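Asker: Mind folding the following:
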Amino acid sequence: MARGPGWLAAAALLLLLLAPGSEAGCAELGRCCRGRDLACVSRGWRPDRSHGACYCDQACPRTMDCCHDYPQACPEVSCAVSDWSDWSGCAEPCRATYRVRRRHVVQEPRNGGEACPPLEEKAGCVEYWNQEGAECKQSLIPALITTGGYGNARKKRAASSENERSGYCVEFQITAITEGCLQVSGSYTQWMRYLSEGHTVCVECQHPALDSRSLHCYGDGSGSEKNQLLHWQAMGNPRCRGTWRRVRQLDTCSCPSVHSFLFI
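Answerer: Next comes the predicted model:
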């Protein structure tokens, strides 16, 4: 019985399927290449069910010419990083400068996985003692403020004793603010968006910003006249500054979580 052309095609396909190396793919090649690499080529079945040259590089999912086993042989692995370190001390004592925290790469990205995020963050700060342990003498005016979240980290580093006075809070009404507060340049400046003209904010004075002689934080407005305009500046962004009026002092702090700041 004569066989038609269709039988010959089916037989050829069967031989191809049974031929050694017909399922070669990425596993046999033993490579998973970065970017687009024309040399990262094997032979096998492609996603369109055609057989022939197939690739094991990061570009093949987009060009639809991966080898059949690419997802298994070259799994996508995103970058993994460690937790943030503790914040460092300030870069220089007795002046407004920056603190730093870092994290490191635990797993490098592979096969098109998500890239690594930033590994370093900086934020404004002030240290009130020099390297010899002596207290800095200069006044820091205007008031320098940062996010209230910095307080927990600072309390861990600050020296304390039973004779220290507990901190206090001051409420201010913001009367003017520069556009620089809206021009955030990193995650450590996101808190500045909660500074808004007309809002009442709560600023905490705690150790070590609490001056041991005056028992006040620099720039807190103590002794100022009623409705006097006082100046403030946000640490970490020198273009973010403005004026406010002192409303009242609270010996027991109960600042809200959002509009809460810290003298530094």
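
Asker: and the gap between residue 25 and residue 57?
Answerer: The gap separating residue 25 from residue 57 is 13 Å, by C-beta to C-beta, to the nearest Å. C-beta coordinates here come from the backbone N, C-alpha and C atoms, glycine included.

Asker: which residues sit in contact with residue 240?
Answerer: Applying C-beta atoms under 8 Å, 6 or more residues apart in numbering, one finds that residue 240 lies in contact with 177, 178, 180, 181, 189, 192, 195, 233, 234.

Asker: Residue 143 too?
Answerer: With contacts defined as C-beta under 8 Å, 6+ apart, residue 143 is in contact with 203, 217, 218, 219, 220, 221, 230, 231, 232, 233, 263.

Asker: 6 Å instead, please
Answerer: Contact analysis of residue 143 by C-beta atoms under 6 Å, 6 or more residues apart in numbering lists 219, 232.

Asker: Would you list the phi and psi of it?
Answerer: The phi/psi pair for residue 143 (degrees, to the nearest 10) reads phi -60, psi 130.

Asker: Enumerate the beta-bridge partners assigned to it.
Answerer: Counting by DSSP bridges, residue 143 is bridged to residue 232.

Asker: per-residue pLDDT, it?
Answerer: Looking at residue 143, its pLDDT stands at 81.

Asker: related to what we said a few turns ago, from the contacts of residue 240, pick the one nearest residue 52.
Answerer: Sorting those by how near they are to residue 52, with C-beta to C-beta, puts residue 189 at the top with 53.7 Å.

Asker: in the stretch 101-250 of the chain, which spans are helices?
Answerer: When secondary structure is read from DSSP state H, counting those that start in this stretch, the stretch 101-250 of the chain shows helices at 150-157.

Asker: Okay, and the beta partners of the nearest residue to residue 245 once chain neighbours are set aside?
Answerer: With sequence-adjacent residues excluded and distances taken as C-beta to C-beta, 6 or more residues apart in numbering, residue 245 is closest to residue 173, at 5.1 Å. Residue 173 forms beta bridges with residue 200, residue 245, as assigned by DSSP bridges.
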